[in-house]
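Chemist: fold the stuff below for me.
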Amino acid sequence: HVVESGGGFVHPGDSLRLSCTASGFDWDLYSIGWFRQAPGKEREAILCSNSSDGSTFYVDSVKGRFTPSRDEAKNTAYLQMNNLKPEDTAVYYCAATAPYCMGPYYHFASLYNYWGQGTQVTVSS
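Modeler: Predicted coordinates for the structure are as follows:
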């Protein structure tokens with residue numbers, strides 16, 4: 001069971017932090033990916049962070065602006081999003097895959113075992 005929170009409406013250049021809290025499985029064994037789906041578009045993977053060492057794979061459009069982290073004690077992963085742009089508007093999902101992000105294949109949704117319900121992020125002036 002995975003639950004996201006933290007979405008909302010922001011202006012271009014603002015920041016948001018999304019949370020992803022897990023229960024019911026061995027959180028420590030899972031790496032966390034973040035996906036998003038913009039209106040009228042397919043779901044895309046934006047990053048995946050390995051549980052073992054925190055190494056992260058990013059899509060170019062968020063590199064340098066989005067940063068993942070996790071708090072093992074709280075079974076929670078975070079996505080810090082800075083310098084948000086209107087094109088970041090989407091429903092954001094976190095997903096868990098074990099044990100690793102599978103390198104360049106991290107964008108395959110079928111590799112993820114647990115998914116959250118999504119949280120809306122809207123960036124507009």
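Chemist: just the strands in the protein please.
Modeler: Counting by DSSP state E, the chain has these strands, from start to end: 2-5, 8-10, 16-22, 31-37, 44-49, 56-58, 66-71, 76-81, 90-97, 114-115, 119-123.
Chemist: quick one: strands adjacent to the last one?
Modeler: Here strand 119-123 is paired, per DSSP bridges, with strand 8-10 (parallel), strand 90-97 (antiparallel).
Chemist: what residues sit buried inside the first one?
Modeler: Taking 16 or more other CB atoms under 10 Å as the neighbour-count basis, strand 8-10 is seen to contain the buried residues Val10. Using the backbone N, CA and C atoms, a C-beta is placed for each residue, glycine as well.
Chemist: now it, how far from the centre of its chain.
Modeler: How far strand 8-10 lies from its chain's middle: 16 Å, per CA atoms, centre = their mean, to the nearest Å.
Chemist: wait, Leu84 touches Phe9, no?
Modeler: No. In this structure, Leu84 is not within contact of Phe9 by CB atoms under 8 Å, at 10.6 Å.
Chemist: about what we covered before: tell me which of the strands paired with strand 119-123 sits most buried.
Modeler: strand 90-97 (a mean of 22; mean count of other CB atoms under 10 Å).
Chemist: and the angle for it with strand 16-22?
Modeler: 40 degrees (axes from the mean of the first three to the mean of the last three CA atoms, to 10 degrees).
Chemist: what angle do strand 90-97 and strand 76-81 make?
Modeler: Angle, strand 90-97 to strand 76-81, by the same axes, to 10 degrees: 140 degrees.
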